[in-house]
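Engineer: Give me a model of this one.
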Amino acid sequence: MAQNTFTITSDTYTLKFNLPSYGGATRTLTKDLALFNFWVGDISVVDKGIGNEPLVLGGVETLTGDNVGLCFPICFSCFCFSKPLSDKIENAWDLMNNGEEVTITELGDTLNGVYILKNFELETIKGTPFAFAWRMELEFVKDI
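Structural biologist: Residues are numbered from 1 along each chain as shown. Reported below is the predicted structural model:
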């Protein structure tokens, strides 16, 4: 059976999300350099350290099977979804707001690592009450 989830682990939570539908092809690290060209022809380079672009992942969470029928809904202003999904979303928002380091596994050797969750968004997918699109931006900290 093929793997269809990846894991986000922190000191306080362990979350499983469906594999991303987009993003995550590479984790780009860049070198931040400042180049100064002086009138006399001298050039000076100042190394500002390593910078990186955020890793952006996005996918879809769907409610199927036990999540739909057996769990009571938690209602928000515009949509309702099951308790297990609402807990996962609340936990992801906690991780983002607290700036906790998270370990991501099961995404492949090039993407597994320690990150800080910088942004997490969720929105309903029009036409279905059982599917939600998510998007997260992660700042790379170190390899695992």
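
Engineer: quick one, strands of this protein?
Structural biologist: 5-9, 14-18, 22-23, 29-37, 43-52, 55-62, 73-75, 80-82, 101-105, 113-124, 131-142 (DSSP state E).

Engineer: pLDDT below threshold where in the chain?
Structural biologist: 1-3, 22-41, 45-52, 64-83 (pLDDT under 70).

Engineer: The lengthiest helix in it: which residues count as buried?
Structural biologist: Secondary structure of the chain read by DSSP state H shows that its longest helix is helix 83-98. For helix 83-98, burial by neighbour count (16 or more other Cβ atoms under 10 Å) applies to Leu85, Ser86, Lys88, Ile89, Asn91, Ala92, Leu95, Met96. No exception for glycine: its C-beta is placed from N, CA and C like everyone else's.

Engineer: now the angle from it to strand 5-9?
Structural biologist: 50 degrees (axes from the mean of the first three to the mean of the last three Cα atoms, to 10 degrees).

Engineer: Adjust the sequence numbering to begin at 56 for everything that follows.
Structural biologist: Got it, first residue is 56 now, which makes that one helix 138-153.

Engineer: Could you measure from Lys197 over to Glu155?
Structural biologist: Applying Cβ to Cβ, to the nearest Å, the value for Lys197 to Glu155 is 14 Å.
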